[in-house]
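Give me the fold of what follows.
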Amino acid sequence: MLHDIFSKITKQSKSKNKIKPKIIIDIHEKNSLIISELKYSNEVDLEIKHLEIGDYLIGNIAIERKTINDLVSSIISKRILSQIDNLQNYEKRLLIIEGDLKDLNENINLNPKIIQGFILSCMLNHNINILQTADYKDTSQYLIILAKQQLKPKTEIS
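A predicted model of the protein is given here:
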């Protein structure tokens, strides 16, 4: 059996012509492990710049990402309120909550019902979709999938 030494070249040239989806990342996320995961995947093009709204921008979707501890801190300081209001400037909005409520910093004394109420308010009063992820790797994977979906034609689900 003969081995085709050109088969890899053909496959590589085809993959090079493939359009990669783009994720725009706020400069404040530059130290996040998510960026290294996204770069390592080599499935998306990244642009890091100052975003007025959100942490990530994929197509027309503004995405705010919060770890559990950052979410609690943002709720206590009320910083999250302006961030939620700013997200309203985009047609599509997503809040990613990274981590589990059980992993809250023990120094923070906040009733979990406050966070649950906040989540419900975001979804029902501000029309913000909520996605809870396990960790930065999980978040990265969702961002990649979301970016890829933006390149596909929209189809109706029946």
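
Can you show me the helices along this protein?
Listed in chain order, the helices of the chain (DSSP state H) span 7-17, 33-41, 68-77, 79-87, 112-125, 136-151.

And the last one, what does it pack against?
This points to helix 136-151. strand 22-26, helix 33-41, strand 56-58, strand 61-67, strand 92-98, strand 129-133 (3 or more C-beta pairs under 8 Å, 6 or more residues apart in numbering; DSSP states H and E). No exception for glycine: its C-beta is placed from N, CA and C like everyone else's.

Could you do the third one as well?
On a contact count with 3+ C-beta pairs under 8 Å, 6+ apart, helix 68-77 meets helix 79-87, strand 92-98, helix 112-125.

quick one: which of the ones you listed is nearest Lys148?
Comparing those by their distance to Lys148 (C-beta to C-beta), the top pick is strand 92-98, with 15.2 Å.

strands paired with that closest one, and their directions?
Its sheet considered, strand 92-98 pairs with strand 61-67 (parallel), strand 129-133 (parallel) by DSSP bridges.

can you put the ones you listed in TSV and add distance to Ile80, mean pLDDT and mean neighbour count?
Below are the strands paired with strand 92-98 laid out as TSV (distance: least, C-beta to C-beta, whole Å; pLDDT from 0 to 100; neighbours: other C-beta atoms under 10 Å):
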stretch	distance to Ile80	mean pLDDT	mean neighbour count
strand 61-67	8	97	22
strand 129-133	13	97	15
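
Nearest to Ser36, out of the helices and strands packed on helix 68-77?
strand 92-98 (15.1 Å).

quick one: that closest one to helix 79-87, angle?
Put simply, strand 92-98 runs at 150 degrees to helix 79-87, going by axes from the mean of the first three to the mean of the last three C-alpha atoms, to 10 degrees.

Quick one: mean pLDDT for strand 92-98?
Across strand 92-98, pLDDT averages out at 97.

Nearest to Gly59, out of the helices of the chain?
Of all these, helix 136-151 comes closest under C-beta to C-beta, at 4.0 Å.

ok, and what's touching that closest one?
Helix 136-151 is touched from outside by 19, 21-23, 32-34, 37-38, 41, 43-44, 56, 58-59, 61, 63, 65, 94, 96, 98, 131, 133, with contacts defined as C-beta atoms under 8 Å, 6 or more residues apart in numbering.
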